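Trainee: What follows is a predicted structure for the sequence shown.
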Amino acid sequence: MRVLAMVLFLAPAAVRADATGVWEISSLGGDRRVEIWQTGDQLVAYRVLYPKFEGERYKLEHLFRGRISGGRVEGELLVKEEGMRSFDPLRSFRGRLEADGTLTLDGLPMKKTREQLTSKPPTTGKQKRRVRRGPKMSGVLPLWTREVV
């Protein structure tokens, strides 16, 4: 009986601490949806923004990758703009995941919605290393083999 009571006591706390799901940022504006995946102490959050630049809207993606420790969340914020192949690191971020289910990431308070996740976390994409090579020189003879006129 004691074991069952202990399991029932601990189960709600474990469920409340799970951040996986769709969240909404408590702010004005239209870009408020955030998708979050939690695996153990690892947290990945993804959001898409459509800010204006010179009167035109463009797609801006944020990817928060962090670790949860004692309710604190710390990690790295990566960004990807239209036309970019992969995410680039922008800066570090901090947050807080409370036992009552509230979450704050990078100063943005969020509420969990009832909507279910339908996708997997985006990948950061391996950046290909650019190798700078000169032009091919297979048809060019070295200077010392040429005749000087």
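Mentor: Cool, the structure landed.

Trainee: in the chain, which spans are helices?
Mentor: Listed in chain order, the helices of the chain (DSSP state H) span 2-17.

Trainee: Flag the shaky bits of the protein, pLDDT-wise.
Mentor: Within the chain, the stretches with pLDDT under 70 are 1-17, 28-30, 125-149.

Trainee: Strands of that one, start to end?
Mentor: Counting by DSSP state E, the chain has strands at residues 21-25, 33-39, 42-49, 52-53, 56-57, 60-69, 72-81, 88-97, 103-105, 108-112.

Trainee: And the contacts of the last one?
Mentor: With Cβ atoms under 8 Å, 6 or more residues apart in numbering as the contact definition, strand 108-112 has outside contacts at 19, 21-27, 34, 101-104. Where you see a C-beta, it was placed from the backbone N, CA and C, and this is true even at glycine.

Trainee: Highest mean neighbour count across the strands of the chain, which stretch is it?
Mentor: Mean neighbours per residue, mean count of other Cβ atoms under 10 Å, is largest over the strands of the chain for strand 103-105, with a mean of 21.

Trainee: who does that strand touch, helix- and strand-wise?
Mentor: Judged by 3 or more Cβ pairs under 8 Å, 6 or more residues apart in numbering; DSSP states H and E, strand 103-105 is in contact with strand 88-97, strand 108-112.

Trainee: If I take the first one and strand 108-112, what angle do their directions form?
Mentor: I take that to be strand 88-97. Calculated by axes from the mean of the first three to the mean of the last three Cα atoms, to 10 degrees, strand 88-97 forms an angle of 70 degrees with strand 108-112.

Trainee: dump the residue contacts of Arg94.
Mentor: For Arg94, the contact set (Cβ under 8 Å, 6+ apart) comprises 72-74, 106.

Trainee: Please tell me how far it sits from Val34.
Mentor: Using Cβ to Cβ, to the nearest Å, Arg94 is found at 16 Å from Val34.

Trainee: same deal with Ala99?
Mentor: 20 Å.

Trainee: could you redo the helices and strands packed on strand 103-105 as TSV and give each row distance to Lys80?
Mentor: Formatted as TSV, the helices and strands packed on strand 103-105 follow (distance: least, Cβ to Cβ, whole Å):
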stretch	distance to Lys80
strand 88-97	7
strand 108-112	19
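
Trainee: Please identify which of these is closest to Val44.
Mentor: The closest of those to Val44 is strand 88-97. By Cβ to Cβ, the value is 12.4 Å.
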